[in-house]
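1. fold the following.
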Amino acid sequence: MTATAGEHAGRPVDAVSVDARLAAALPIDGRTGTVHSVHARVVNLRTPDGLLCCLASDELDDAPRTVLIAAADWGRIGWHRDDPVRFGPALTHAYDGTTVVLAGATPWQPSPADTSALTPDLLRHAAATVERHLLTPAHRTPFEVASADELGRRTTALADAIRGDAATAVTAAAARLVGLGAGLTPSGDDLLTGLAVLAAADGMALGRIRPALAEAVLGHAPLEERTTAVSAATLTEAVAGRARQRIHDLVTALVSTGEAGTAGGVGSGGRSSLVDAVLRVRAIGHTSGADILTGLRLGLTLEADLREANRLAAPTHPKENS
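-> Modelled structure (predicted):
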C-alpha cells in the first residue's frame, strides 16, 4: 500500500542536534507559534513567547537557537510562512502533522578556546591571513558601494573608540553599525558579530569591550526595530559569545596557529588549518561571511595593539613590583 503525502508528512522527523540553550528555553506546554520565514535550508520559527529560532538542514553547521535535521529528511519540512507550529516535547506542524522530535538530539554548545598565549605577532599574522582571503564582490550596486564606504568610516570610528578605551564612545560607535547595509543580516551586524565572538574568547584583552558592545546592541530601541529579525537574533547571541560553530572553529584554529607556529598546521590540499577555517566562514551567505571576517580581522588587529600596550605598561624592574 502506498502512503499518501499526508501520511508521509505525519511521520516523525528526528532532530540530529539542538542548541542546548534553545532546548532549555523552548516551551513544552503545547502552545502555538508560527513559521516566520522559509529559505532553502532553513525554516525560521517564532515561538509563542516571541523567540526567533530555526530548523535547518545538517548541511549547515550547529548554531545558536538552531535545531538541525538530517539532509535526507529535509524535504519533508514543507512548511510555509505563517503556518502554525505547536511547541511541546516535539515541534508539530498544525496542518500536515509533521513532527520534529527533539528527544535524543545531540545538545550543542560553542566550543571554547583559550587565546591567552597568542602573541601580538601571531595575531597580526592571523589578521593578514584573513585579509588575503577577503573578496570584494565583482559587481556591486551603487547602494552596496555607498554602504561599503559608510561601513569603512564607521568601522574606523569604532576602532578609534576601542583604542581610546572609552566605553561610552565604543557603545556609540558600535550602535551606528547596527542595521547598516542590506540583506537578511546587514553588513554592520555581521561585522559586529565577528568582533563580538572574538572578544568573548577566553584570554582576550578585548573582553573589556563586551559590556559596551552589549549596550550598543541591546541597550537602545528594540533591536528588531533597528535591523532584521534574523539579524537581531544573531547579534543578540553574538554579544553573548555564541555564533555558528564554524566561527568558533576559526577561533580554535587561531589557537592552533599559536601552538604550532605561524603555519598553523596543515589542512586539506596543503592549506593551513587557519586558512581552511577562514574559507569556511567566508562561505556563509552571499556577503555575510566576508563581513564577519572583516569584524574578526578588526578584532585581531586591535587585540595585537592592546597586548602590546599591556606589555609595555607592565613593570619590568624588580623594584617596580614592590
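2. residue boundaries of the helices in the stretch 151-300 of the chain?
-> Using DSSP state H, counting those that start in this stretch, the helices of the stretch 151-300 of the chain run over 167-175, 187-199, 210-218, 229-238, 245-260, 273-282, 288-313.
3. how far off centre is the second one?
-> By that I understand helix 187-199. The chain centroid and the centroid of helix 187-199 are separated by 8 Å, computed with C-alpha atoms, centre = their mean, to the nearest Å.
4. what angle sits between it and helix 210-218?
-> If you take axes from the mean of the first three to the mean of the last three C-alpha atoms, to 10 degrees, helix 187-199 sits at 150 degrees to helix 210-218.
5. could I get the helices of the stretch 151-300 of the chain in TSV, plus columns for mean neighbour count and mean pLDDT?
-> For glycine as for every other residue, the C-beta is placed from the backbone atoms N, C-alpha and C. Below are the helices of the stretch 151-300 of the chain laid out as TSV (neighbours: other C-beta atoms under 10 Å; pLDDT from 0 to 100):
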stretch	mean neighbour count	mean pLDDT
helix 167-175	20	98
helix 187-199	28	98
helix 210-218	20	98
helix 229-238	23	98
helix 245-260	21	89
helix 273-282	22	96
helix 288-313	21	94
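6. turn those helices into CSV, including distance to Arg46.
-> Formatted as CSV, the helices of the stretch 151-300 of the chain follow (distance: least, C-beta to C-beta, whole Å):
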stretch, distance to Arg46
helix 167-175, 25
helix 187-199, 19
helix 210-218, 19
helix 229-238, 8
helix 245-260, 24
helix 273-282, 27
helix 288-313, 22
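7. so which of those gets nearest Thr129?
-> helix 273-282 (5.7 Å; C-beta to C-beta).
8. outline the domain layout of the chain.
-> Domain assignment for the chain, taken from automatic domain parsing, gives 5-108, 120-312.
9. between the helices of the stretch 151-300 of the chain, which gets nearest to Ile28?
-> Minimum separation from Ile28 across the helices of the stretch 151-300 of the chain (C-beta to C-beta) falls at helix 229-238, 20.6 Å.
10. quick one: that closest one to helix 288-313, angle?
-> Angle, helix 229-238 to helix 288-313, by the same axes, to 10 degrees: 30 degrees.
11. report all helices and strands that helix 229-238 contacts.
-> With contacts defined as 3 or more C-beta pairs under 8 Å, 6 or more residues apart in numbering; DSSP states H and E, helix 229-238 has these neighbours: strand 31-38, strand 52-57, helix 187-199, helix 210-218.
12. tabulate the domains of the chain (a markdown table), appending distance to Asp114.
-> A markdown table is the format used below for the domains of the chain (distance: least, C-beta to C-beta, whole Å):
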| stretch | distance to Asp114 |
| --- | --- |
| domain 5-108 | 20 |
| domain 120-312 | 4 |
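13. is it true that Ala175 touches Leu218?
-> No. With contacts counted by C-beta atoms under 8 Å, Ala175 stays clear of Leu218, the gap being 10.3 Å.
14. how about Thr185, what does it touch?
-> Thr193, Thr228, Val230, Ser231, Thr234, Gly285, Ser288 (C-beta atoms under 8 Å, 6 or more residues apart in numbering).
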